[in-house]
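> Any chance you can model this:
(one chain, ligands or ions: 1)
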Amino acid sequence: MAMQTVKLSSGQNMPVVGLGTWQAQPEETEAIIKIALDSGYRHFDTAFNYNNEESIGKSIKKWLSEGGKREDLFITTKLPNFGNRPSDVEKFLNLSLQRLGLNYVDLYLIHMPFSFIQDKNSFTPAINEDGSFMLDLESQPVAVWKEMEKQVKAGRAKSIGLSNFNISQIQNILNNSEIKPSNVQVELHAFMQQKPLRDFCKLNNISVTAYSPIGSPGTKAHFQAKYNYSVETFPDLLGHPVLNQIASARNKTPAQVLLRHAVQGGVIVIPKSTNPERIKSNIQIFDFKLTDEEMDKLNALDQDKNMRIFDFLFFKGVENHPNYPFKDELH
Ligand code: A2P
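Now for the predicted structure:
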């Protein structure tokens, strides 16, 4: 069945399923994007700091040379948290475009509301001697947003938006913008359904994209390996009995049911996978519809903020940044 799209306030159509690429390694990404294109994906989500834009670009270039049309693709990338200042917006977008081999992206997001100083020698945040991240306390999201608007006017981004901002931070941008955010991308899955933020975005004509829509299995190990940061209670969403009961009754995978649940609730999803079979199956969610009763059962799994996986505390010291978005959840 055909891919559904959401009409953004910018006028663009955004496919409701995209391929997430966080943690997709540069060397595997080119082949993965090809598999995804062949499986029907047209929406790809990356970020400057995923370091796989070049590989995505190579695959896209090949696909375009074989007759694919640029206007059929929807490419999202993001301004890194160490480039969160007005003077860096155009620079980082140009770098992303160069890596992707494109002259525009469909959606450019401010990746995070807080900002770090950039390391002098690399595209990473600078780290203090005690291991904490060097905070950029001068950062002004509204001033950054003004530069984001200029990217739309210059044709480098068709739509612009925000990621990991809380409601009052989004409101602040809305109050001070000429071009409104078309999209907000946040952690969202059955255990953390983001009802207040979704209601707020609906009222303001902002589409919502769910990252980690299947609960990011695998991220616990990543946190430990990369940041030596352990999460004690990492939710096992895919193993939940209610979900598994619905999935087996329908002969669908638990991941397909989770993705369908989000999409049926009006959310755009970007499941990440580098496994060919899972890439293919994660987009096969348009040949069934969950009943009201099934939707209610899945809605009841919501534990909202208690189930947040990405609180960013693995960036040591981030909670001291004035724009840290989840201050009210700190114990
Ligand atoms: P893999 O890349 O090996 O498929 P999320 O998008 O919620 O962050 O989840 C991404 C994680 O979920 C990755 O570890 C990915 O591993 C795994 N994953 C992706 N699709 C599925 C699926 N259909 N069933 C189980 N795990 C999946």
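
> use CA for all of it now, contacts and neighbours both
Fine.

> Provide the contact partners of the worst-scoring helix or strand of the chain on mean pLDDT at residue level.
Lowest by mean pLDDT, DSSP states H and E among the helices and strands of the chain is helix 219-227, with a mean of 75. By Cα atoms under 8 Å, 6 or more residues apart in numbering, the surrounding residues in contact with helix 219-227 are 229, 230, 231, 234, 314, 315.

> How about that helix, which residues are buried there?
Within helix 219-227, the residues that qualify as buried are 219, 220, counting by 16 or more other Cα atoms under 10 Å.

> And stretch 285-299, by the same measure?
Here stretch 285-299 shows 285, 294, 295, 298, 299 as buried, counting by 16+ other Cα under 10 Å.

> Equivalent analysis for stretch 227-242, please.
Within stretch 227-242, the residues that qualify as buried are 229, 235, 237, 238, 242, counting by 16+ other Cα under 10 Å.

> ok, the residue in the stretch 51-200 of the chain that the ligand sits nearest to - contacts?
For the stretch 51-200 of the chain and the ligand, the shortest gap (Cα to the nearest ligand atom) falls at residue 189, measuring 7.8 Å. Contact partners of residue 189, counting by Cα under 8 Å, 6+ apart, are 210, 211, 212, 213, 214, 215, 258, 262.

> Show me these that map onto strands.
For these, the ones inside strands are 210, 211, with DSSP state E as the criterion.

> restrict the contacts of residue 189 to those near the ligand?
When Cα under 6 Å from any ligand atom is taken as the criterion, the members of those that contact the ligand are 212, 213, 214, 215.

> what's the pLDDT at the last one?
So that's residue 215. Residue 215 is assigned a pLDDT of 91 by the prediction.

> That one reaches residue 240, doesn't it?
No - assessed by Cα atoms under 8 Å, residue 215 is found out of contact with residue 240, at 11.0 Å.

> picking up where we left off before, tell me the first helix or strand C-terminal of the least confident helix or strand of the chain.
Remark: after helix 219-227, the chain's next helix or strand is helix 241-250, criterion DSSP states H and E.

> That next one packs against which elements?
Helices and strands touching helix 241-250, as assessed by 3 or more Cα pairs under 8 Å, 6 or more residues apart in numbering; DSSP states H and E, comprise helix 254-264, helix 292-299.

> now those as TSV including distance to residue 61 and mean pLDDT?
Rendered in TSV, the data for the helices and strands packed on helix 241-250 read as follows (distance: least, Cα to Cα, whole Å; pLDDT from 0 to 100):
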stretch	distance to residue 61	mean pLDDT
helix 254-264	29	98
helix 292-299	40	98
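
> If anything else comes up later, I'll come back, but that's it for now.
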